[in-house]
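Engineer: for reference, the sequence and a predicted model appear below.
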Amino acid sequence: MLEGSNRIGGRVKSVKFGGKPVEEGANRVIGKEGTRLWDVVQKYKVSGKKTDYDSVLIRNFRGLTGTEGENAWTKLEAAQMTVSEIYKRIEDKKTEDMSARTSLDIGRWSPVEKVVEIFDYDFEYGGSPGVTSCYSFGIPEESANDLYYIMDKSGIGVQKSGSVTFNPPLPDCKNDNLFRVRLENYVSVYFKFPNTSSRFWDNTKYILYADDRRGLFPVWQNLEVDGLFSPGTNILQMVTQGEDADRVSELTDADITGEVMAILRRVYTNVVDPEDVFITNWKSNPLYMGSFCNMDTLAFKPVIFEAIRAPVGNVFFAGDSKLLIGSLPVIQRGLRGAESTL
């Protein structure tokens, strides 16, 4: 076994920040009892907290959005009914796959409505609905284990970059289908504020920021909610993904810090300077070149997945890719790849 870094675990990586363990990569376990990852969690008594997605509010630079926010959730729920209906027609082969943007297209979206959409789609899938297969939103969890197997352990971003070569070259059918997979970007900015200062942000799990520009650090996570960290820890996580994460990945840490602090000061008063900052950037890491995978429209088909994971001679493929950031599919593909060689 060859490992490119000085550690194992890939994009499952915890680091010490502000005296607490924070996640540089995968933030959540996505799965339920009966999956192999959940068995590992139980076996080794891994601790964690169940995410409360209802603990959320929306802010812009004018303050809380109130009724406008409630109307945005209602509008999105109506659009999601259309997504469900389209998924069923795709599954029944009555229509072709389409982008989620097509099925969510229910009129002009305001900044508040956009951030609600981001929370339900971009935040989970890494890309906007315009670049994500509608079919991917309908896959039931219990069938995901058999469907999401895509790449060799070198990683899909590394493979697509051409920095790893095969001699003889991989078949065209392998490479053609490989390039149907999108490698999304996901950037977290962690701020540690002084223990002597009071928490200035809201006491909900998620705070959504509705800027006029879509996707500008839209999701903030309060790490003191639900007892994850004790009150007074004063660590705030701010997340961006997709195209805006690509933009941010090209900036210096100082520029990113300045931009995010300016946003915080537009929204809140009494914002103090952080005493420490930690910024993730998987896209610039030559061993990964991205965070996790997504599928373009018309690419979410078993035949494409099979072509990508199919062995070439004695070379077997496992590892990278699922539509959500997490570890379950990597474990499944690692086991599948190992079993294939036995």
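Structural biologist: Arrived safely. Residues are numbered from 1 along each chain as shown.
Engineer: what bridges to residue 240?
Structural biologist: Residues in a beta bridge with residue 240, per DSSP bridges, are residue 187.
Engineer: shouldn't it be in contact with residue 214?
Structural biologist: No - Residue 240 is not in contact with residue 214 according to CB atoms under 8 Å; the separation is 10.8 Å. (Each C-beta comes from the backbone N, C-alpha and C, glycine too.)
Engineer: the more surrounded of the two?
Structural biologist: residue 240 (27 against 18; other CB atoms under 10 Å).
Engineer: just give the number of residues close to residue 233.
Structural biologist: Residue 233 has 17 nearby residues by other CB under 10 Å.
Engineer: let me redo that: residue 204
Structural biologist: The number of residues packed near residue 204 is 16, by other CB under 10 Å.
Engineer: now do the SS call for it.
Structural biologist: With DSSP: H, G, I helix; E, B strand; the rest coil as the basis, residue 204 sits in coil.
Engineer: would you agree it is in contact with residue 223?
Structural biologist: No - using CB under 8 Å, residue 204 is not in contact with residue 223; the gap is 12.0 Å.
Engineer: what about the helices in the chain?
Structural biologist: For the chain, helices defined by DSSP state H occupy the ranges 36-43, 67-91, 100-104, 111-120, 122-125, 141-147, 156-161, 172-178, 242-249, 253-267, 302-309, 328-341.
Engineer: reformat these as a markdown table; add mean pLDDT and distance to residue 290.
Structural biologist: Formatted as a markdown table, the helices of the chain follow (pLDDT from 0 to 100; distance: least, CB to CB, whole Å):
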| stretch | mean pLDDT | distance to residue 290 |
| --- | --- | --- |
| helix 36-43 | 80 | 21 |
| helix 67-91 | 81 | 25 |
| helix 100-104 | 70 | 20 |
| helix 111-120 | 85 | 19 |
| helix 122-125 | 80 | 13 |
| helix 141-147 | 42 | 20 |
| helix 156-161 | 75 | 4 |
| helix 172-178 | 83 | 13 |
| helix 242-249 | 92 | 10 |
| helix 253-267 | 96 | 18 |
| helix 302-309 | 79 | 16 |
| helix 328-341 | 53 | 14 |
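Engineer: which of those helices sits closest to residue 218?
Structural biologist: helix 111-120 (4.7 Å; CB to CB).
Engineer: any idea how far residue 100 is from residue 54?
Structural biologist: Applying CB to CB, to the nearest Å, the value for residue 54 to residue 100 is 22 Å.
Engineer: neighbour count: these two, which is higher?
Structural biologist: Neighbour comparison, residue 54 and residue 100: the larger count goes to residue 100, with 27 against 8 (by other CB under 10 Å).
Engineer: how much space between that one and residue 232?
Structural biologist: Using CB to CB, residue 100 is found at 40 Å from residue 232.
Engineer: picking up where we left off before, nearest to residue 219, out of the helices of the chain?
Structural biologist: Across these, closest to residue 219 is helix 122-125 (CB to CB), at 5.2 Å.
Engineer: pretty sure residue 68 contacts residue 112?
Structural biologist: Yes - using CB under 8 Å, residue 68 is in contact with residue 112, at 5.1 Å.
Engineer: pull up the overlap in contacts between those two.
Structural biologist: Shared contacts of residue 68 and residue 112 (CB atoms under 8 Å, 6 or more residues apart in numbering): residue 58.
Engineer: residue 7: neighbouring residues, count only.
Structural biologist: Residue 7 has 7 neighbouring residues, counting by other CB under 10 Å.
Engineer: for it, list the residues it contacts.
Structural biologist: So residue 7 contacts residue 13 (CB under 8 Å, 6+ apart).
Engineer: and what of residue 20?
Structural biologist: Contact analysis of residue 20 by CB under 8 Å, 6+ apart lists 223, 229, 233, 235.
Engineer: just give the number of residues close to the second one.
Structural biologist: The number of residues packed around residue 229, counting by other CB under 10 Å, is 18.
Engineer: skipping adjacent residues, who's closest to it in space?
Structural biologist: residue 223 (4.9 Å; CB to CB, 6 or more residues apart in numbering).
Engineer: the one you found and residue 183, how far apart?
Structural biologist: According to CB to CB, residue 223 and residue 183 sit 27 Å apart.
Engineer: between the two, which is the more surrounded one?
Structural biologist: Neighbours per residue (other CB under 10 Å) separate residue 223 from residue 183, with residue 183 holding more: 25 against 18.
Engineer: surely that one touches residue 158?
Structural biologist: No - assessed by CB under 8 Å, residue 183 is found out of contact with residue 158, at 9.5 Å.
Engineer: show me whatever sits in contact with both of the two.
Structural biologist: Common contact partners of residue 183 and residue 158 (CB under 8 Å, 6+ apart): residue 289.
Engineer: turn the helices of the chain into CSV, columns for distance to residue 281.
Structural biologist: Formatted as CSV, the helices of the chain follow (distance: least, CB to CB, whole Å):
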stretch, distance to residue 281
helix 36-43, 26
helix 67-91, 30
helix 100-104, 26
helix 111-120, 20
helix 122-125, 18
helix 141-147, 28
helix 156-161, 13
helix 172-178, 24
helix 242-249, 5
helix 253-267, 9
helix 302-309, 26
helix 328-341, 20
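Engineer: how deep is residue 168 tucked in, by neighbour count?
Structural biologist: Residue 168: 7 neighbours (other CB under 10 Å).
Engineer: can you give me the pLDDT of residue 189?
Structural biologist: At residue 189, the predicted lDDT confidence score is 97.
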